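[1] Sequence and predicted structure below; questions after.
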Amino acid sequence: MKRTPPQIPGYIPEESQADRAGVTVSTLRQWRRQGYGPRWSKFGRFVMYAEDANARFIEDQASIAEARRNPRPRGRPPSAAVT
């Protein structure tokens, strides 16, 4: 017997999220185990995603990539020249 996910405003079930993200449900489940992927919530036994989870995930990945391209300087800043 297949259970129907609850209808919660602002959230979609994992099957719909997989379609939106262009991946399989098993990929989403693997990402969750690895602590990767869009943020999710659990309602009872159902995993649900916010409707804007893809956009937030992409923004987070873009900021991580930007931080890797422009690392913070290390060490002490150079001292000002004394005249």
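    Okay, I see it.

[2] other SSEs contacting whichever strand or helix holds E66?
    For E66, the element it lies in under DSSP states H and E is helix 53-69. Contacts defined by 3 or more C-beta pairs under 8 Å, 6 or more residues apart in numbering; DSSP states H and E place helix 53-69 against helix 14-21. Quick note: C-beta positions are derived from backbone N, CA and C, even for glycine.

[3] Just the buried residues of the helix it packs on, please?
    14, 17-18, 21 (16 or more other C-beta atoms under 10 Å).

[4] swap in stretch 20-37?
    Those would be 21, 28, 31-32, 37, for stretch 20-37 by 16+ other C-beta under 10 Å.

[5] And for it, what's in contact with it?
    12, 14-15, 17-18, 38, 40, 47, 54, 57 (C-beta atoms under 8 Å, 6 or more residues apart in numbering).

[6] rerun at 7 Å
    14-15, 17-18, 40, 54, 57 (C-beta atoms under 7 Å, 6 or more residues apart in numbering).

[7] if we can go back for a sec, save the buried residues of helix 14-21 as a markdown table, and put in distance to R69 and pLDDT too.
    Listed next are the buried residues of helix 14-21 as a markdown table, based on distance: C-beta to C-beta, whole Å; pLDDT from 0 to 100:
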| residue | distance to R69 | pLDDT |
| --- | --- | --- |
| E14 | 32 | 93 |
| Q17 | 29 | 94 |
| A18 | 30 | 94 |
| A21 | 24 | 91 |
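
[8] correct me, but E51 touches I8?
    No. Contact criterion C-beta atoms under 7 Å: E51 and I8 do not qualify, at 10.3 Å.

[9] Can you give me the pLDDT of T83?
    For T83, the pLDDT comes out at 62.

[10] quick one: low-confidence parts of the protein?
    The chain contains residues with pLDDT under 70 at 1, 81-83.

[11] Nearest the middle, which residue of it would you pick?
    P38 (2.9 Å; C-alpha atoms, centre = their mean).

[12] List the residues that contact the closest residue in space to that one that isn't next to it in sequence.
    Of all residues not flanking P38 in the chain, A53 sits nearest, at 3.7 Å (C-beta to C-beta, 6 or more residues apart in numbering). Residues near A53 by C-beta under 7 Å, 6+ apart: 17, 38-39.
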